[in-house]
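Asker: Okay, here's the prediction I keep looking at, along with the sequence it came from:
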Amino acid sequence: MREELAKTQAQAWQRLASPGTWWTGAERIAIAAEARNARECPFCVARAAALSPLAVAGTHARLASPLADAAIEAIHRIRTDPGRLGETWFLRLREAGLGEAAYVELVSVVAVVTAVDTFRRAAGLEEPWALPAALDGSPTRHRPRGARPGLAWVATLAPEDVTPDDPDLYREHPGPRQRYGANIHRALSLVPDSMIHWWDMLEAMYQSSAQMRDFDRDYRAVTHPQIELLAARVAALNRCEY
Amino acid sequence: MDGATATGVPGGQGLLALVDAALGLDGAALAQARTAVRDFLGEAALLDAAAVIGGFDGITRIADAVGIPLEPAKAQQTADFFDALEIGRFRMEKA
């Protein structure tokens, strides 16, 4: 396995256990465990199979944890039926008390667990990785002052709105990483640490923006066309419009 | 495993089968798809293909869970196959 691939996944996995921006380490591990548990939830299985998820009533088969019901609903739907999530659904979670930035961090944790678990399953590696033990500490509760609503369901931080209080989440564009502020880069930007950690891992699994655009060279053992074929198929199966 | 049949991409059919099996529940189909990719493209390619599959299984959830839109310029550039592939129906299924 490429060293960068192994290293960035191991780092992302360990970060699950650390206090985040809006959740403690224990809460982040609870979110990660619930993301795995969601695949076995009969309610989620029934909803995913239904013509509309709203047509099925029930409750989630959840693990014992301090996570509120709104967080459980978010984790289960994002893990099992992401392509049919709508803004009305998101607003109901907000009305139920799930904070906007806490939701963004929750999304990032579910995404990391999904990415690593799916990678290991596809590659035929031992699965699943055991979740790490939670570390003590308090969330930083840093919300970027320049974050603005309008682009997505959640507020986002554009490159031009980053302040000195924020980490360098766009990596000194035009720098080597070139996270230049495409909408998909901005998706997690309300929680800069979550965004940075996610992209550090994804760029090792996929490619950086610069590598993606360099058609004179293949940076992986699969070619550019093979990579894009794989990516497009995953997006189609997950019903992802982006 | 055939080569580029139907996809125009060398090893394409096998890679598609790997994606379908990795996101599905059939363990035997997944083992078969892995073997086919490994035999045709090699172990390193299998690992890098698996990494792309995992990464996109995560990033699609991020995109859908925060409602991030496609940039207008990209939407314009891809409008023809967006329509041809009926991708717009994904939007109608949201609830």
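Answerer: It's in.

Asker: buried stuff in the helix or strand of chain A with the lowest mean pLDDT?
Answerer: The helix or strand of chain A with the lowest confidence, counting by mean pLDDT, DSSP states H and E, is helix A:209-213 at a mean of 86. Across helix A:209-213, burial judged by 16 or more other Cβ atoms under 10 Å in any protein chain shown covers A:209, A:211-212. To be clear about C-beta, it is placed using only N, CA and C from the backbone, and glycine gets the same treatment.

Asker: Return the closest of those residues with respect to chain B.
Answerer: Distances from chain B to the buried residues of helix A:209-213, taken as Cβ to the nearest Cβ, are shortest for residue A:212 (11.3 Å).

Asker: mind listing what the closest one touches?
Answerer: With contacts defined as Cβ atoms under 8 Å, 6 or more residues apart in numbering or on different chains, the neighbours of residue A:212 are A:206, A:224.

Asker: now do residue A:98
Answerer: Counting by Cβ under 8 Å, 6+ apart, residue A:98 touches A:68, A:70-71, A:74, A:106.

Asker: which stretches of chain A form strands?
Answerer: Counting by DSSP state E, chain A has no strands to list.

Asker: spatially speaking, which residue is in the middle of chain B?
Answerer: Centroid-nearest residue in chain B: residue B:19, 5.9 Å away (criterion: Cα atoms, centre = their mean).

Asker: Pretty sure it sits against residue A:233.
Answerer: Yes: Residue B:19 is within contact range of residue A:233, at 4.2 Å (criterion: Cβ atoms under 8 Å).

Asker: Count the neighbours of residue 50 for me.
Answerer: Using chain A here. Applying other Cβ atoms under 10 Å in any protein chain shown, we find 14 residues neighbouring residue A:50.

Asker: looking at chain B here, not the other one
Answerer: Here the number of neighbours of residue B:50 (other Cβ under 10 Å) works out to 28.

Asker: Mind listing residues that contact stretch B:49-58?
Answerer: With Cβ under 8 Å, 6+ apart as the test, stretch B:49-58 has contacts from A:5, A:111-112, A:114-120, A:122-124, A:198, A:201-202, A:204-206, A:220, A:222, A:226-227, A:230-231, A:234-235, A:238, B:15, B:18-19, B:22-23, B:37, B:41.

Asker: repeat for stretch A:128-138
Answerer: Contacts of stretch A:128-138 (Cβ under 8 Å, 6+ apart): A:13-14, A:16-19, A:24-26, A:28-29, A:32-33, A:36, A:116-117, A:120.

Asker: pLDDT averaged over that stretch - what is it?
Answerer: Stretch A:128-138 carries an average pLDDT of 95.

Asker: ok, and the closest non-adjacent residue to residue A:108?
Answerer: Spatially, and ignoring its direct neighbours in sequence, residue A:108 is nearest to residue A:194 (3.8 Å; Cβ to Cβ, 6 or more residues apart in numbering or on different chains).

Asker: That neighbour contacts residue A:20, doesn't it?
Answerer: Yes: using Cβ under 8 Å, residue A:194 is in contact with residue A:20, at 6.9 Å.

Asker: Identify the contacts common to those two.
Answerer: Shared contacts of residue A:194 and residue A:20, defined by Cβ under 8 Å, 6+ apart, comprise A:105, A:109.

Asker: so residue A:33 makes contact with residue A:62?
Answerer: No: in this structure, residue A:33 is not within contact of residue A:62 by Cβ under 8 Å, at 10.0 Å.

Asker: Specify the next element, helix or strand, located C-terminal of the host helix or strand of residue B:19.
Answerer: Assigned by DSSP states H and E, residue B:19 falls within helix B:12-23. Using DSSP H and E, the helix or strand that directly follows helix B:12-23 along the chain is helix B:27-41.

Asker: TSV please, covering the buried residues of helix A:209-213 and showing distance to residue B:76.
Answerer: Converted to TSV, the buried residues of helix A:209-213 look like this (distance: Cβ to Cβ, whole Å):
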residue	distance to residue B:76
A:209	20
A:211	25
A:212	20
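
Asker: circling back to that earlier point, out of the contacts of residue A:98, who's the most crowded?
Answerer: Neighbour tally across the contacts of residue A:98 (other Cβ under 10 Å): the maximum, 30 neighbours, falls on residue A:106.

Asker: where's that one relative to chain B, distance?
Answerer: 9 Å (Cβ to the nearest Cβ, to the nearest Å).
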